[in-house]
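> after the sequence you'll find the predicted model.
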There are 2 protein chains.
Amino acid sequence: MIELIKSRRSIREFTQEEVSEDLIEKIIEAGKWAPSGLNNQPWRFLIIRKQDKIEEISKYTKYKKTVNSAKVLIIVFLDKGSSYNYIKDVQAIGACIQNMLLFIHELGLGACWIGEILNQSEELNRYLRVKDNLELMAVLVIGHPVKKERKSSRRDIQDLVIGWG
Amino acid sequence: MIELIKSRRSIREFTQEEVSEDLIEKIIEAGKWAPSGLNNQPWRFLIIRKQDKIEEISKYTKYKKTVNSAKVLIIVFLDKGSSYNYIKDVQAIGACIQNMLLFIHELGLGACWIGEILNQSEELNRYLRVKDNLELMAVLVIGHPVKKERKSSRRDIQDLVIGWG
């Protein structure tokens, strides 16, 4: 598990290979088992596989090329109607996304978590015609990764732990 | 991995067995490898093991008994000085917490994610004497779980997926 966590990378280039509906459902299954405040499960998912739609959606972020390369998008929303506490709900969405990212990585697939698209959430929500109770949280772009070495780093634990008591 | 995700539960009763410093560092290691916007790593951790401090902290939440039963607290903060985008940062904190919860579960330890304590974050921050740039995000209470059956449930995928396109 720690190796899975540490070897996960953001994947920005995908092959032409498709991702089956069955796998997509398994990814959602992993996401939905995240914890949330009072188990309110505030996450909602919109799944996009049609290439022309993916292309349209790519216009709402500067990471257009990455989005366009993907075979599937899982667009994650917060259902404000199921809200318990906004901060806790947004954290729960992060936990849900992380479950999906780890599981995608374990499947040998790859993903990139696009947050920058939140800059255009109103415009994207209008294009997607989603209900007003749904707040855009992230777009996960998913596919089979083009193989290459991808490095990443994190700060030392000493820089992150502010104290022991 | 999917089994690990689905079998994780909130643990609210712990045995008297200690959790070693080494394990605590491994848990932080799992947390810090979460993704964050532009890899800004906005998480900071305060680790509490002294029983009298745990008891003091337990007074800031209605889940006093759960906190008091724990052997370790990992208090998670958002470093506003490292902020990139508040919503993305709060999501990243959620991803970081989920990494820790999954890894804790894999180790055979247990944890409960206390969010309700945010209602008293100002008071708790004052007691902990943390710097102003740190915003309280959650308290994870950790220990060796008292063994018992713990059930949980999630909504059907059909209720969570708002569409396929």
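Great, that's in hand.
> indicate the residue of chain A located nearest to chain B.
Among all residues of chain A, A:Gly94 sits closest to chain B, at 2.5 Å; criterion: Cβ to the nearest Cβ. The way it works is simple: take the backbone N, C-alpha and C, and place the C-beta from them, glycine included.
> after the strand or helix carrying that residue comes which helix or strand?
For A:Gly94, the host element (DSSP states H and E) is helix A:86-106. Counting by DSSP H and E, the element after helix A:86-106 in chain order, helix or strand, is strand A:110-114.
> for the following helix or strand past that next one, C-alpha coordinates in PDB please.
Next along the chain after strand A:110-114, taking DSSP H and E as the criterion, comes helix A:121-128. Extracted C-alpha coordinates of helix A:121-128, given in PDB (Å, rounded to 0.1, in the frame of the first residue of the first chain):
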ATOM      1  CA  SER A 121     -16.700  26.100 -13.100                       C
ATOM      2  CA  GLU A 122     -19.700  28.300 -13.900                       C
ATOM      3  CA  GLU A 123     -19.100  28.100 -17.600                       C
ATOM      4  CA  LEU A 124     -18.400  24.400 -17.500                       C
ATOM      5  CA  ASN A 125     -21.500  23.700 -15.400                       C
ATOM      6  CA  ARG A 126     -23.600  25.700 -17.900                       C
ATOM      7  CA  TYR A 127     -22.200  23.600 -20.800                       C
ATOM      8  CA  LEU A 128     -22.800  20.400 -18.900                       C
END
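> residues in contact with helix A:121-128?
For helix A:121-128, contacts defined as Cβ atoms under 8 Å, 6 or more residues apart in numbering or on different chains pick out A:Leu46, A:Glu56, A:Ile57, A:Tyr60, A:Ile75, A:Ile117, A:Leu134, A:Glu135, A:Leu136.
> one more time with 10 Å, if that's ok
A:46, A:48, A:53, A:56-57, A:59-61, A:75, A:77, A:117-118, A:120, A:130-132, A:134-137, A:139, B:87, B:162-163, B:165 (Cβ atoms under 10 Å, 6 or more residues apart in numbering or on different chains).
> nearest residue to the spatially most central residue of chain A in space, please, no chain neighbours.
The centroid of chain A falls nearest to A:Leu140 when counting by Cα atoms, centre = their mean (3.4 Å). What sits nearest to A:Leu140 in space, not counting adjacent residues and going by Cβ to Cβ, 6 or more residues apart in numbering or on different chains, is A:Ile74, at 4.4 Å.
> I'd like the average pLDDT over whichever strand or helix holds the one you found.
Following DSSP H and E, one finds A:Ile74 within strand A:72-79. Throughout strand A:72-79, pLDDT has a mean value of 98.
> mind listing the strands it pairs with, and their directions?
Strand pairing for strand A:72-79, using DSSP bridges, gives strand A:43-48 (antiparallel), strand A:134-143 (antiparallel).
> the last one - what's its average pLDDT?
Mean pLDDT, taken over the full extent of strand A:134-143, equals 98.
> give me the angle between it and helix B:86-106.
60 degrees (axes from the mean of the first three to the mean of the last three Cα atoms, to 10 degrees).
> off-centre distance for the next helix or strand after strand A:134-143?
With elements assigned by DSSP H and E, the helix or strand that comes after strand A:134-143 is helix A:157-160. Offset of helix A:157-160 from its chain centre (Cα atoms, centre = their mean, to the nearest Å): 27 Å.
> can you list contacts of helix A:157-160?
Identification of contacts with helix A:157-160 by Cβ under 10 Å, 6+ apart yields A:154, B:24-26, B:28-29, B:31-32, B:41-45, B:77, B:79, B:96.
> any idea how far the nearest residue to A:Gly110 once chain neighbours are set aside lies from A:Pro145?
The spatially closest residue to A:Gly110, leaving aside those adjacent along the chain, is A:Ile11, at 2.9 Å (Cβ to Cβ, 6+ apart). A:Ile11 sits 4 Å away from A:Pro145, going by Cβ to Cβ, to the nearest Å.
> mind listing the shared neighbours of these two?
Residues touching both A:Ile11 and A:Pro145 by Cβ under 10 Å, 6+ apart: A:Ile104, A:His105, A:Leu109, A:Gly110, A:Ala111, A:Cys112.
> most neighbours among those, which one is it?
Neighbour counts for the shared contacts of A:Ile11 and A:Pro145 peak at A:Ala111, which has 29 neighbours (criterion: other Cβ atoms under 10 Å in any protein chain shown).
> give me the element A:Gly163 is part of.
Under the criterion of DSSP H and E, A:Gly163 resides in strand A:161-164.
> helix, strand or coil: sort out the closest residue in space to A:Ile2 that isn't next to it in sequence for me.
Leaving aside its sequence neighbours, A:Ile2 sits nearest to B:Ala30 (Cβ to Cβ, 6+ apart; 5.7 Å). Here B:Ala30 is recorded as helix under DSSP: H, G, I helix; E, B strand; the rest coil.
> quick one: contacts for B:Ala30?
Applying Cβ under 10 Å, 6+ apart to B:Ala30 gives the contacts A:1-2, A:4-6, B:96, B:98-104, B:106-107.
> which of those residues are buried?
Among the contacts of B:Ala30, the ones that count as buried by 16 or more other Cβ atoms under 10 Å in any protein chain shown are A:1-2, A:4-5, B:96, B:98-104, B:107.
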